[in-house]
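Asks: Kindly generate the corresponding structure for this input.
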Amino acid sequence: MNSLLSSNKSRIRRESGFTLVELMVGLLLGVILLTATVNIFITTKQSYALKETMALVQENALFAFDSLRQVVNAADGVTATNNTGFTVTFAGRAGLTDCLGNAAVDSAKRYLNRFYVSNEQLFCEVTTNPASSTTTQALVNQVQSMQVEFGVDKTVDEVTKEEKPDGFIEEYLSTPGNYNQVLSVRVHLRLIVKPTPLVTQDVSFTVAMLPKILAAVDL
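Replies: The predicted model follows:
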């Protein structure tokens with residue numbers, strides 16, 4: 001009889017299912033696992049989005065460098081404009097293009113290429129003289145600011161004390177006293193990686209004014 005009662009109790013206990021405590025523990029574990037899964041998904045998605053944005057920023061930096069390199073390499077003159085921008089000038093000749101990619105081959109003209117930042121974009125403005133025609137176009141987006149330094153060759157003749165450029169840069173200045181001494185341009189761009197909250201990346205590059213360096217070396 002006792003054996004029968006014990007067997008019935010065991011069967012009832014098995015058929016009664018989980019207790020309230022067991023259910024609560026199971027639900028808690030389920031919530032923990034679900035939260036962890038969601039967090040992993042969100043983190044992975046944010047990481048992927050950041051990598052895409054970084055790739056775009058690097059592409060913008062390369063394009064900006066290439067646009068600046070082409071015109072600064074050809075330049076025989078440069079000046080600062082509005083403290084944050086600068087203008088590069090050269091005479092037209094075969095094989096040259098301006099900062100907008102247009103042919104600049106007319107040797108009777110001077111091509112003025114002005115770079116500046118406005119509304120988080122890097123702009124190029126091209127003016128040709130004579131004719132004074134001006135064209136402006138945005139080159140790169142997501143640019144917060146630009147700073148420019150100019151590499152100067154201050155070499156002087158020890159006897160005459162006159163300027164005697166040798167093609168070597170002594171220092172970089174934001175406002176050179178004599179722009180004829182400038183042989184290269186160093187550009188600092190602050191690119192926007194993420195607008196909210198704001199995340200930026202600084203990139204810098206230096207470009208030589210080849211005609212002036214070659215002229216100094218040949219002296």
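Asks: for this protein, longest helix please?
Replies: The longest helix of the chain (DSSP state H) is helix 20-74.
Asks: Please name every helix or strand in contact with that one.
Replies: Counting contacts by 3 or more CB pairs under 8 Å, 6 or more residues apart in numbering; DSSP states H and E, helix 20-74 packs against strand 85-91, strand 133-141, strand 182-194, strand 199-208, helix 210-218. C-betas here are computed from N, CA, C, even on glycine.
Asks: ok, and what's touching the first one?
Replies: Where contact means CB atoms under 8 Å, 6 or more residues apart in numbering, the residues beyond strand 85-91 that reach it are 71-72, 74-81, 96, 99, 104, 107, 109-117, 146, 148, 150, 185, 211.
Asks: Pull up the pairing partners for it, direction included.
Replies: Sheet pairing of strand 85-91 (DSSP bridges) gives strand 77-81 (antiparallel), strand 110-118 (antiparallel).
Asks: what does the fourth one give?
Replies: Take DSSP bridges as the rule and strand 199-208 pairs in its sheet with strand 182-194 (antiparallel).
Asks: Figure out how far the partner strand is from the centre of its chain.
Replies: Relative to its parent chain, strand 182-194 has a centroid offset of 8 Å by CA atoms, centre = their mean, to the nearest Å.
Asks: List the buried residues for it?
Replies: By neighbour count on 16 or more other CB atoms under 10 Å, the buried set for strand 182-194 is 182-187, 189, 191-192.
Asks: Now for the residues you listed: which two are most distant?
Replies: Greatest spacing in the buried residues of strand 182-194, by CB to CB: Leu183 and Ile192 (31.3 Å).
Asks: Stretch 70-87 spans what distance, first to last residue?
Replies: 13 Å (CA to CA, to the nearest Å).
Asks: The spatially closest residue to Ser174 that is not a sequence neighbour sits in which helix or strand?
Replies: Closest residue to Ser174 apart from its sequence neighbours, by CB to CB, 6 or more residues apart in numbering: Glu149 at 5.5 Å. Glu149 is part of strand 143-152 when elements are defined by DSSP states H and E.
Asks: I'm done for today, thanks for sticking with me.
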